[in-house]
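Student: No sequence on hand, only this structure:
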C-alpha cells in the first residue's frame, strides 16, 4: 500500500493543471473576496478570517475530490485497476491508499491560503490556532477524499466529470464555502447545517474564535466519512466481481 501511495503522490505533483486549481486558485479567490471590510453576519469573524477558512477548506476539497474521482475513472478504463487486483492489495487497502495520498496533496492547498492571508491581508492568530486550523482542515479533507473514490466507481468515462462537478459545486455552495450560509433563506440554512462541507468549515471557524469544535459538526464529518469510505470499498468489491 505504501508503494501505491508514493505513486499517487508523484502523479499528482506532476499534474500542473491539478496543482493550479487546488493550490493557486483558492488563494486567488481569497484575495478577490477578502477585500470587503466588517464582519460576517452571525459569526463574529472578519471577512478575511471567514474567507480564509472557507478557501482553505475549498482548496482541500478540490484537491481530494476532483483529483480522486476522475483519476480512478480513467484508471478503470485503462485497465490499471484490473492489474492491481492481481496483486495482494485488498479492497480496503486500495481505498485507504487513494484517500491518504489525496489528503497529503491537500496540505499545500491549506498552507498557501494561510500564508497569503497572513502576508497580504494581515490575518493574525495565535500559534496554536494556526496549527489547529491546519490539522482540522487537513483531517476533515479525508471525508471528501473517500467521496472522490466512491464517485470514481459510480461512473466512468465521460460521465464521471459532470457527476463530480455537480457534487463539487453543490457541496461548496450549499455548505457555505463560497457564500456565508447565514445569507441563505432559513429553509436552506436548515439543510446546509447537515452537509459535510458546512461542518467542515465550522471546524475552522470555531478554532478562529478560540472555541472547541461543536460535537455535532465532528459527528457529521465522522458519519459521512464512514458512509463514503464504506461505499467506496463496497463499489470497489462490486467492480471486482464484474470483472
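Tutor: Looks like it arrived, so ask away. Remember, predicted model here, so these are calculated numbers, not experimental data.

Student: so what's the backbone phi/psi at residue 155?
Tutor: Per-residue torsions, residue 155: phi -130, psi 160 (degrees, to the nearest 10).

Student: Counting neighbours, what do you get for the nearest residue to it once chain neighbours are set aside?
Tutor: Spatial nearest neighbour of residue 155, excluding adjacent residues (Cβ to Cβ, 6 or more residues apart in numbering): residue 163 at 5.1 Å. In this view, the C-beta of every residue, glycine as well, is placed from N, C-alpha and C. Neighbour count for residue 163, taken as other Cβ atoms under 10 Å: 15.

Student: element containing residue 163?
Tutor: helix 160-174 (DSSP states H and E).

Student: And that helix, what's buried?
Tutor: 160, 164, 167, 168, 171, 172, 174 (16 or more other Cβ atoms under 10 Å).

Student: Check whether residue 146 really touches residue 235, as I assumed.
Tutor: No. Using Cβ atoms under 8 Å, residue 146 is not in contact with residue 235, being 11.1 Å away.

Student: Which one's more surrounded, the two?
Tutor: For the pair residue 146 and residue 235, the greater number of neighbours falls to residue 146 (29 against 19), based on other Cβ under 10 Å.

Student: State the helix or strand in which that one lies.
Tutor: Using DSSP H and E, residue 146 falls in helix 127-154.

Student: That helix to helix 160-174, inter-axis angle?
Tutor: For helix 127-154 against helix 160-174, the angle between stretch directions is 140 degrees (axes from the mean of the first three to the mean of the last three Cα atoms, to 10 degrees).

Student: helices or strands next to helix 127-154 in the packing?
Tutor: The contact analysis (3 or more Cβ pairs under 8 Å, 6 or more residues apart in numbering; DSSP states H and E) places helix 127-154 against helix 47-61, helix 67-78, helix 91-120, helix 160-174, helix 196-208, helix 215-242.

Student: Counting neighbours, show which residues of stretch 63-76 come out buried.
Tutor: For stretch 63-76, using 16+ other Cβ under 10 Å, the buried residues are 63-73, 75-76.

Student: Rebuild those residues as TSV, extending it with pLDDT and distance to residue 206.
Tutor: What follows is the buried residues of stretch 63-76, written out as TSV (pLDDT from 0 to 100; distance: Cβ to Cβ, whole Å):
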residue	pLDDT	distance to residue 206
63	82	23
64	82	22
65	84	23
66	78	27
67	70	27
68	73	27
69	79	29
70	75	32
71	75	33
72	76	33
73	73	35
75	71	37
76	69	39
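
Student: Format those residues as JSON lines; extra columns: distance to residue 48.
Tutor: Formatted as JSON lines, the buried residues of stretch 63-76 follow (distance: Cβ to Cβ, whole Å):
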{"residue": "63", "distance to residue 48": "22"}
{"residue": "64", "distance to residue 48": "25"}
{"residue": "65", "distance to residue 48": "25"}
{"residue": "66", "distance to residue 48": "26"}
{"residue": "67", "distance to residue 48": "28"}
{"residue": "68", "distance to residue 48": "30"}
{"residue": "69", "distance to residue 48": "31"}
{"residue": "70", "distance to residue 48": "32"}
{"residue": "71", "distance to residue 48": "34"}
{"residue": "72", "distance to residue 48": "36"}
{"residue": "73", "distance to residue 48": "37"}
{"residue": "75", "distance to residue 48": "40"}
{"residue": "76", "distance to residue 48": "42"}
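
Student: Tell me the one among those residues nearest to residue 180.
Tutor: residue 65 (21.7 Å; Cβ to Cβ).

Student: mind checking how far the closest one is from residue 30?
Tutor: 19 Å (Cβ to Cβ, to the nearest Å).

Student: Same check on residue 123?
Tutor: Taking Cβ to Cβ, one finds residue 123 at 10 Å from residue 30.

Student: Cool, thanks, talk later.
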